[in-house]
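Asks: below: sequence and its predicted model.
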Amino acid sequence: GLNLLADFQPDIVKLDMALIRGIEQSKPRRAIVAGVVAMCRQLDIAVIAEGIESADEARCLADLGIHLMQGYFFARPAFQAVASVESVVFA
């Protein structure tokens, strides 16, 4: 629960892909993520979003202040393979 954030100050909070899926089309999901980002910013906790599958999702999350993202949009999982690291910037 959220009380753990008060008692145990993590360095990072990961947002589950179930919350992220279709966020660009969901006002409730955007509101929840915006609130979590604001709370984490005040507590000096980084936020990472998982399960990004489209440029629209990534752009929406960047607009909400999330800069740490992972998912198929960036690289598909591969056994014993390392994808090249590229920086994606949304203007």
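Replies: Received it, and whenever you're ready, just let me know what you need.

Asks: assign V36 to helix, strand or coil.
Replies: At V36 the chain is in helix, as set by DSSP: H, G, I helix; E, B strand; the rest coil.

Asks: next up, the contacts around it.
Replies: By C-beta atoms under 8 Å, 6 or more residues apart in numbering, V36 lies in contact with 13, 15, 47. Every C-beta, even on glycine, is put in place using the N, C-alpha and C of the backbone.

Asks: any idea how many residues pack against the second one?
Replies: Which is L15. Using other C-beta atoms under 10 Å, L15 has 23 neighbouring residues.

Asks: what does the closest residue in space to it that isn't next to it in sequence show for phi and psi?
Replies: Closest residue to L15 apart from its sequence neighbours, by C-beta to C-beta, 6 or more residues apart in numbering: A49 at 4.6 Å. A49 adopts backbone torsions of phi -110, psi 130, taken as degrees, to the nearest 10.

Asks: what about the protein, any weak spots by pLDDT?
Replies: 79-91 (pLDDT under 70).

Asks: sorry, back to before: quick one: which of the contacts of V36 sit in strands?
Replies: 13, 15, 47 (DSSP state E).

Asks: in TSV, list those residues along with distance to F74.
Replies: Listed next are the ones in strands among the contacts of V36 as TSV, based on distance: C-beta to C-beta, whole Å:
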residue	distance to F74
V13	19
L15	15
V47	16
